[in-house]
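Q: I would like to see how this sequence folds:
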Amino acid sequence: MMFLRTARAPARGFGWAAIVGAAALAAGCGGAGSGGAGSTGQGKSLAKAANSGGTGCKSVKRGGTLRFGVDQDVISFDAHATQDNGSLWADMNVYDQLVELAPDAKKVVPGLAQSWTVSDGGRVYTFHLRPNAKFYDGTPVTADDVKFSFDRVEAPKSPLNWTLSAVKSTDVVDPHTVKVTLGKPYAPFLNDLTLWGASIMSKKAVEGGQDPKTHPVGSGPFSVAEFKPGDHVLLKANPYYWGKDSCGNKYPYLAAVRLDYLPNDNTRMTELRGGQLDAVMDVPFNQIGSIDADPKLVAAATPQLGVIASALNMTHVPQFRDPNVVKAMNYAIDRQAIVKSVFFGNAKAATSPIDPGVYFHTDSYGYPYDLAKAKSLMAKSKYPKGFTVTFSPPAGDQLAASIATIMQSQLKQIGITMKIAPVDQTTAFERLQKQQFEMSYTYGTSDNLDPNANMLFCCVSDGGAKSGYTGWVDKEADALYRKTQGEQDMTKRGQLFDQWQKIVMDKLPILWLINPTNRFAFANDVHDFFIQSTAHYPLWVAWKG
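A: Sure, this is the predicted structure:
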C-alpha cells in the first residue's frame, strides 16, 4: 500500500499502502485464484498464472532458488518504519501479521492468529495465536511479541503509527492470547491488521540489539540471509514456518529466493530471456505479447488495485495553490490517450483516489479530457500566461518516461512548461518525504480491500504524509474522513466516502492519472508465481520443477 514509486501503493513513494465476525478459517492451498479471472493478457499466461492451488499442490516439488528481477529496491526490513513499495513487498514475505489477505486478495483470513472474537460492540478483539508459530531462529511467537510489536509501531515518532491509530491498548491474556481494545468501534480495523505496519517482530531480538532494518527476525515464510541495498536480497526458507497447503505440504516450497534489483526494464527482460532470471515484475506493456510467445516463458497482465498519479507540491510551488490551475491541468491531460499509447489498452483512466475494486470507489468525479475548459480555467487563474515546473519520474522507468512525455506535450497546450528531470529511486523517495519536489511521479497500490490506510496517507492532512506530501489541508475533508472510520453501516459509510471523494477530486492538488495492471513473466519451469491485485508477491506458494 505504498504510494510512491520511488521507484503506498499503495502503492508509498507516497505510502499510500470489512469487518468480519469471529473467525476460525483455514487458509486454502497455495494462492488459489491468483489473479487469472478477469485478467488481460495471453491465453497460456492466464491459464498458468491462475493455476495455483487445488489439485496442483499434489505435484509440488520442493527446493531450488527463484531468481526474481524487481524494479524497486529494498531499503529496509524494519516493517514498522517501511514507507516504500520495494521494502514492504519484501517485508510481507518475512513477517507474519495476526490476520492476512487470502492469496487471491479477496478476504481476510487467519494469520498468526488462528481465530478471534469481537465483543463490547466492536471495541474489543481477542486473538488466539497459533501454538506452533516460531520465529526463524526457533523461538516461539507469544502474546508478548504481539504487544511489543504493536506498542512499537504505535509510538508517537513511528512513521507508521497511523496503522494502529484505532488501538487504545494491547494486553497479554496468556502466552497465546492477546486482547486489543479500540478507543471506539472502527470499521477498517481487521483490514488494517493485514498491513506490513502490523507485522509481528521478535521482542527478544529487537531488545537484544538486532536492528530489524538490516537483520529482521520474523515468523514469516522466509528469513533474510543477505541484504545488499542497491543490488540484491537473498531470502531463505524459514524451517519453522507454520503455513501448509491443503495437501499438507509445508510452505514455502522454495529453498531460497534472490531479489535482484534491476530498475532498467530492458535489463530485466534481457536477463529473463537469457535465463539469468526465473521471474520478473513490471514487464513493459509493449513486450507482454512477445515474451508470452516465447515457448520458454509465460507473461501476463492481471488486475491491480493501484493508481499512477502526480503529486503537486503546493508548499513550494505557489501556482499549485490556485484551484483553477490544478483543475486546468486535470482537464488538459488526455488519460485515454495515455491508456492507448503507453498501456496498449491494458489500463483504465483514473477517476478517484480510491482504486477500482476497493470498497466505495466511484467514477462520478473524474476529469474527462476537455482542452477548451482547461484553457478557460488557466485564463481565470492568477497565472494566465503559464509557468515552468519540474516533473521528476524515476530514472530507467520506461513507463514513467512515456507518461511524462505525453503530459509534457499536453500541458504545453495550456501554457505550462513541464521540464522532465529523472531521479534515481532512492533519491526520489527521500525528496518526496522532505517535500523537496515540484511534481512527483507516484505509483500507489492498495494493500487490502478497505480504502482507509491509503486514503489517510494520500489525502488527509494529519494522516501521516501531509496529504501525500502536497501540503494540502482541508478541515472539512479531514472531518468527513474521520466519520468514515467510525461508521459501521457499510451503506452509510459508502455515502460518507462519496461526499469525501467529491471534495478531494475538486480540491486536492494531485493528478490521478491511470489505474494500471500487474505485469509479470516467468520461466516455464516456475509454477504458481503471481502478483496479487494488491501488487504483493506471495513467494511462499511458488515452486520450480
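Q: Burial check on residue 57, number of neighbours?
A: A count of nearby residues for residue 57, using other C-beta atoms under 10 Å, gives 23. C-beta here means a position set from N, CA and C on the backbone, and glycine is covered the same way.
Q: One more: residue 119?
A: Residue neighbour count, defined by other C-beta under 10 Å, stands at 11 for residue 119.
Q: Tell me how far it lies from residue 186.
A: 14 Å (C-beta to C-beta, to the nearest Å).
Q: before we move on, what about residue 215?
A: 33 Å.
Q: And these two? Which one has more around it.
A: Higher neighbour count among residue 215 and residue 186: residue 186, with 21 against 15, using other C-beta under 10 Å.
Q: list the contacts for that one?
A: 122, 166, 485-486 (C-beta atoms under 8 Å, 6 or more residues apart in numbering).
Q: Of those, just the buried ones, PyMOL syntax please.
A: In PyMOL, a selection of the buried entries from the contacts of residue 186 looks like this (16 or more other C-beta atoms under 10 Å):
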select buried, resi 122+166+485
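Q: need the contacts of residue 186 in JSON lines with secondary structure, can you?
A: Formatted as JSON lines, the entries for the contacts of residue 186 read as follows, by DSSP: H, G, I helix; E, B strand; the rest coil:
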{"residue": "122", "secondary structure": "helix"}
{"residue": "166", "secondary structure": "coil"}
{"residue": "485", "secondary structure": "helix"}
{"residue": "486", "secondary structure": "helix"}
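Q: Can you pull the phi and psi angles for the residue lying closest to residue 127 once chain neighbours are set aside?
A: If the residues on either side of it in the chain are set aside, residue 127 comes closest to residue 113, at 3.9 Å by C-beta to C-beta, 6 or more residues apart in numbering. Listed backbone geometry of residue 113 is phi -90, psi 120, with angles given as degrees, to the nearest 10.
Q: What is the most widely separated pair among the contacts of residue 186?
A: Spatial extent of the contacts of residue 186 (C-beta to C-beta) is set by the pair 122 and 485 at 12.2 Å.
Q: To what extent is the residue nearest to residue 127 buried, counted in neighbours?
A: Going by other C-beta under 10 Å, the residues that sit close to residue 113 add up to 26.
Q: List the residues that contact it.
A: So, once contact is read as C-beta under 8 Å, 6+ apart, residue 113 ends up touching 98-99, 127-130.
Q: Closest to residue 423 out of the contacts of residue 186?
A: Using C-beta to C-beta, these come closest to residue 423 at residue 485, 34.5 Å.
Q: Need the pLDDT of the closest one.
A: We note a pLDDT of 91 for residue 485 in this prediction.
Q: What strand or helix carries the residue nearest to it when sequence neighbours are not counted?
A: Taking C-beta to C-beta, 6+ apart, and ignoring the residues beside it in sequence, residue 485 has residue 186 as its nearest neighbour in space, at 5.9 Å. Residue 186 is located outside every helix and strand, with elements delineated by DSSP states H and E.
Q: ok, now the one 4 residues further on?
A: Residue 190 belongs to helix 189-192 when assigned by DSSP H and E.
Q: Could you tell me the per-residue confidence at residue 162?
A: As summarised for this prediction, residue 162 has a pLDDT of 85.
Q: for it, what are its contacts?
A: Contacts here follow C-beta under 8 Å, 6+ apart; on that basis residue 162 touches 197, 453, 456-457, 463-464.
Q: Give me the subset of those residues lying in helices.
A: The members of those that map onto helices under DSSP state H are 453, 456-457.
Q: helix, strand or coil for residue 299?
A: Assigned by three-state DSSP, the conformation of residue 299 is strand.
Q: swap that for residue 477, please
A: Three-state secondary structure (criterion: three-state DSSP) places residue 477 in helix.
Q: count of residues packed around it?
A: Other residues near residue 477 number 23, with proximity taken as other C-beta under 10 Å.
Q: what sits against it?
A: Residues touching residue 477, when contacts are defined by C-beta under 8 Å, 6+ apart, comprise 459-460, 500, 503-504, 507-508.
Q: can you pull the pLDDT of it?
A: What the model reports as pLDDT for residue 477 is 96.
Q: Ok, residue 277 next?
A: According to the predicted model, the pLDDT of residue 277 comes to 98.
Q: Make sure it is actually in contact with residue 70.
A: No. With contact taken as C-beta atoms under 8 Å, residue 277 and residue 70 are classed as non-touching, separated by 9.9 Å.
Q: got any residues that touch both of these two?
A: Common neighbours of residue 277 and residue 70 (C-beta under 8 Å, 6+ apart) are residue 260.
Q: tell me the pLDDT at the residue nearest to residue 127?
A: Per-residue confidence for residue 113 comes out at a pLDDT of 98.
Q: Not counting its own residues, what contacts the longest helix seen in the chain?
A: The longest helix of the chain (DSSP H) is helix 490-507. Defining contact as C-beta under 8 Å, 6+ apart, one finds that helix 490-507 is touched by 18, 187, 323, 327, 351-354, 359-360, 362, 364-367, 451, 459, 472, 474, 476-477, 480-481, 483-484, 487, 512.
Q: Likewise for stretch 238-246?
A: Outside stretch 238-246, the residues touching it (C-beta under 8 Å, 6+ apart) are 27-30, 53, 57, 60, 130, 132-136, 138, 218-223, 250-252, 540-541.
Q: What about those, which are in strands?
A: Under the assignment DSSP state E, the contacts of stretch 238-246 contribute 222-223 to strands.
Q: Can you pull out the low-pLDDT segments for the protein?
A: Low-confidence regions of the chain, defined by pLDDT under 70, span residues 1-55.
Q: can you give me the strands for the stretch 251-400 of the chain?
A: 256-261, 279-281, 297-303, 306-311, 348-349, 387-392 (DSSP state E, counting those that start in this stretch).
Q: Can I get the last one as PDB, trimmed to CA atoms?
A: What follows is strand 387-392 as a C-alpha-only set of coordinates in PDB (Å, rounded to 0.1, in the frame of the first residue of the first chain):
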ATOM      1  CA  PHE A 387       4.600  28.900 -15.800                       C
ATOM      2  CA  THR A 388       7.500  26.400 -15.700                       C
ATOM      3  CA  VAL A 389       7.600  23.400 -13.400                       C
ATOM      4  CA  THR A 390       9.800  20.300 -13.000                       C
ATOM      5  CA  PHE A 391       8.400  16.700 -13.100                       C
ATOM      6  CA  SER A 392      10.700  14.000 -11.600                       C
END
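Q: What is that strand packed up against?
A: Using 3 or more C-beta pairs under 8 Å, 6 or more residues apart in numbering; DSSP states H and E as the contact criterion, the elements in contact with strand 387-392 are helix 398-412, strand 416-420, strand 439-440.
Q: and if you look at the first one?
A: With contacts defined as 3+ C-beta pairs under 8 Å, 6+ apart, the packing partners of strand 256-261 are strand 65-70, strand 232-237.
Q: Among those strands, which comes closest to residue 446?
A: Residue 446 lies closest, by C-beta to C-beta, to one member of the helices and strands packed on strand 256-261: strand 65-70, at 19.4 Å.
Q: ok, back up a step: can you list the ones in helices among the contacts of residue 162 in TSV and add distance to residue 386 and neighbour count?
A: Listed next are the ones in helices among the contacts of residue 162 as TSV, based on distance: C-beta to C-beta, whole Å; neighbours: other C-beta atoms under 10 Å:
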residue	distance to residue 386	neighbour count
453	37	32
456	34	25
457	31	32
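Q: Make JSON lines out of the residues you listed and add distance to residue 299.
A: Shown next, in JSON lines, are those (distance: C-beta to C-beta, whole Å):
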{"residue": "453", "distance to residue 299": "31"}
{"residue": "456", "distance to residue 299": "35"}
{"residue": "457", "distance to residue 299": "31"}
